[in-house]
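Q: This is a predicted model, with the sequence first.
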Amino acid sequence: MVQTTFINGLLIITPKVFFDERGYFYETFSVAKYKEFGITDTFVQDNQSLSQKGALRGLHFQAPPFAQGKLVRVVKGAVLDVVVDIRKDSVTYGKNFSIELNENNKTQFWIPAGFAHGFVTLEDNTIFEYKCTNYYNKASEGGILWNDADLNIQWGTSDAIISEKDQLLSPFNTFISPF
């Protein structure tokens, strides 16, 4: 099943999961099926992270020509996944959307290029996985300050574990979008 959001381009994908006495089985990706959903991008890189409860990663993006679409999911644990629309011509520019992804709901979230992305882990030993439509390029990385007052993102934590790099990102009011 596929759902849209109030922000154009974002898709929430709930897979069909088959359970029996052995456990479960489901497809995590199929080119043909995802084309039906409107995702026609080619994925070139898979990434995975392990984080402890309260770890916050974001808000990150890759600028053109290395912009990335991402298909994200949680393998183990849970996250609050957050995106901010940074497409200058979008009617929802500067708006954010969040969704809980966890090992039980097996929900996937499609984030096209043109969004800043981040997540906070809700459980210890959370394994987060994402497929990317472009290769990582350090010179093209960018970001927005996670706790920017103008964005008013409800992360659900005031005691996040954040990297030094993420603490030094620019606030939204000084941000110049490359999209």
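A: Sure, I can see it.
Q: excluding its backbone neighbours, what's nearest the residue positioned nearest the centre of the chain?
A: The residue lying closest to the centre of the chain (Cα atoms, centre = their mean) is residue 117, at 4.8 Å. Leaving out its chain neighbours, the residue that sits closest to residue 117 by Cβ to Cβ, 6 or more residues apart in numbering is residue 83, at 5.2 Å. To be clear about C-beta, it is placed using only N, CA and C from the backbone, and glycine gets the same treatment.
Q: Measure how buried that neighbour is and give me the count.
A: 29 (other Cβ atoms under 10 Å).
Q: Paired strands for the helix or strand containing it, with orientation please.
A: Assigned by DSSP states H and E, residue 83 belongs to strand 78-85. Strand partners for strand 78-85, identified by DSSP bridges, are recorded as strand 96-102 (antiparallel), strand 115-121 (antiparallel).
Q: do you know which of the ones you listed lies nearest residue 62?
A: Of all the strands paired with strand 78-85, it is strand 115-121 that lies closest to residue 62, at 9.9 Å by Cβ to Cβ.
Q: sorry, back to before: beta partners for the residue nearest to the centre of the chain?
A: Under the criterion used (DSSP bridges), residue 117 bridges to residue 60, residue 83.
Q: looking at it, it is touching residue 86, isn't it?
A: No: using Cβ atoms under 8 Å, residue 117 makes no contact with residue 86, being 10.0 Å away.
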